[in-house]
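# Okay, here's the prediction I keep looking at, along with the sequence it came from:
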Amino acid sequence: AQSVTQLGSHVSVSEGALVLLRCNYSSSVPPYLFWYVQYPNQGLQLLLKYTSAATLVKGINGFEAEFKKSETSFHLTKPSAHMSDAAEYFCAVSRFGNSGYSTLTFGKGTMLLVSP
Amino acid sequence: DTGVSQDPRHKITKRGQNVTFRCDPISEHNRLYWYRQTLGQGPEFLTYFQNEAQLEKSRLLSDRFSAERPKGSFSTLEIQRTEQGDSAMYLCASSLTRTSGQGEAFFGQGTRLTVV
């Protein structure tokens, strides 16, 4: 079975500060990992994905994440936070079932708060 | 607009009533998913279709829930005899089979259901 754990339900940063959102995964097969962002009353938007091509993955809006197999982690970072980054962020792993990789298993989410 | 479209965006219903939601996926996408998201949680998988075939249903999908995707195009999710515990955001997503395992699922804006 595959699962993800996001550490910290809320993270607060000042505008311009480093953003670090933590995600650890558990998977019995090579994982496909993702970060999605959700703005209030909206659906989810894919930020970036790890599909084994490169361990450092760059996404939209200046975000990136590094896959570390030894630590079973896939933390999301951004060097400088912007007010518009305030949203909820979800880490997810692609679930491997009878028909191969199919649906997504999400973490509980981390709300990012950005103060001026 | 060529994204995933969900209707209605909001639904308030009395306990015991039936409700039906509609999802129109991105036109060339053959996979369609339904997820449920409750307050403070990440999305949880309910069911998914490949074309018109319903390939998998989660244990979360009780007998009161039914989903269809006639002709492999739009999909409907019906909840019969709604309960207060059904209050949630219902998210629809779509993808292509060749990229679905890599998490390339595009989400709609969701239908927020409130059962009173």
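Nice, I can see it. Just so it is clear, the model here is predicted, and its values are computed rather than measured.
# And A:D85, its phi and psi?
Dihedral pair for A:D85: phi -80, psi -10, per degrees, to the nearest 10.
# Number of residues surrounding it?
By the criterion of other C-beta atoms under 10 Å in any protein chain shown, A:D85 has 19 neighbours. C-beta here means a position set from N, CA and C on the backbone, and glycine is covered the same way.
# What of A:A54?
Neighbours of A:A54 using other C-beta under 10 Å come to 10.
# who's in contact with it?
A:A54 makes no contacts at all, as judged by C-beta atoms under 8 Å, 6 or more residues apart in numbering or on different chains.
# In three-state terms, how would it be classified?
coil (DSSP: H, G, I helix; E, B strand; the rest coil).
# how close does it get to B:T76?
For A:A54, the distance to B:T76 equals 40 Å [C-beta to C-beta, to the nearest Å].
# Over to B:Q37?
19 Å.
# Pick out whichever of the two has more residues nearby.
Between B:Q37 and B:T76, counting by other C-beta under 10 Å, B:Q37 is the more crowded of the two (21 against 14).
# so the more buried one makes contact with B:E44?
Yes - contact status for B:Q37 versus B:E44: in contact at 7.1 Å, counting by C-beta atoms under 8 Å.
# Buried residues in stretch B:57-72, which are they?
B:S58, B:L61, B:F65, B:A67, B:R69, B:G72 (16 or more other C-beta atoms under 10 Å in any protein chain shown).
# Not counting its neighbours along the chain, what's nearest the last one?
The spatial neighbour of B:G72 that comes closest, neighbours along the chain excluded (C-beta to C-beta, 6 or more residues apart in numbering or on different chains), is B:N51 at 3.8 Å.
# Quick one: residues contacting that neighbour.
Counting by C-beta under 8 Å, 6+ apart, B:N51 makes contact with B:N30, B:R69, B:G72.
# what is the mean pLDDT for the host helix or strand of B:L46?
Take DSSP states H and E as the rule and B:L46 turns out to sit in strand B:44-50. Averaging pLDDT along strand B:44-50 gives 92.
# a helix runs through B:G85, doesn't it?
Yes - using three-state DSSP, the secondary structure at B:G85 is a helix.
# about what we covered before: quickly run through the sheet partners of the strand holding B:L46, with directions.
strand B:31-37 (antiparallel), strand B:53-57 (antiparallel) (DSSP bridges).
# and those, which one is worst for confidence?
Looking at the strands paired with strand B:44-50, the weakest mean confidence is strand B:53-57, a mean of 89.
# Can you list the helices and strands that the next helix-or-strand element following that strand packs against?
Downstream of strand B:53-57, the first helix or strand assigned by DSSP H and E is strand B:65-68. Contact partners of strand B:65-68 among helices and strands, from 3 or more C-beta pairs under 8 Å, 6 or more residues apart in numbering or on different chains; DSSP states H and E: strand B:44-50, strand B:75-79.
# quick check: mean pLDDT across strand B:65-68?
For strand B:65-68, mean pLDDT rounds to 96.
# Listing request: residues of chain B with sub-threshold pLDDT.
B:1, B:98-103 (pLDDT under 70).
# same thing but at 80, please
Filtered on pLDDT under 80, chain B yields the residue ranges B:1-2, B:97-104.
# for the strand holding B:L46, which positions count as buried?
For strand B:44-50, the neighbour count (16+ other C-beta under 10 Å) marks B:E44, B:F45, B:L46, B:T47, B:Y48, B:F49, B:Q50 as buried.
# between these, which is closest to chain A?
B:F45 (4.6 Å; C-beta to the nearest C-beta).
# quick one on the thing from earlier: can I get the contacts of B:N51 in CSV with distance to A:V19?
Shown next, in CSV, are the contacts of B:N51 (distance: C-beta to C-beta, whole Å):
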residue, distance to A:V19
B:N30, 36
B:R69, 38
B:G72, 40
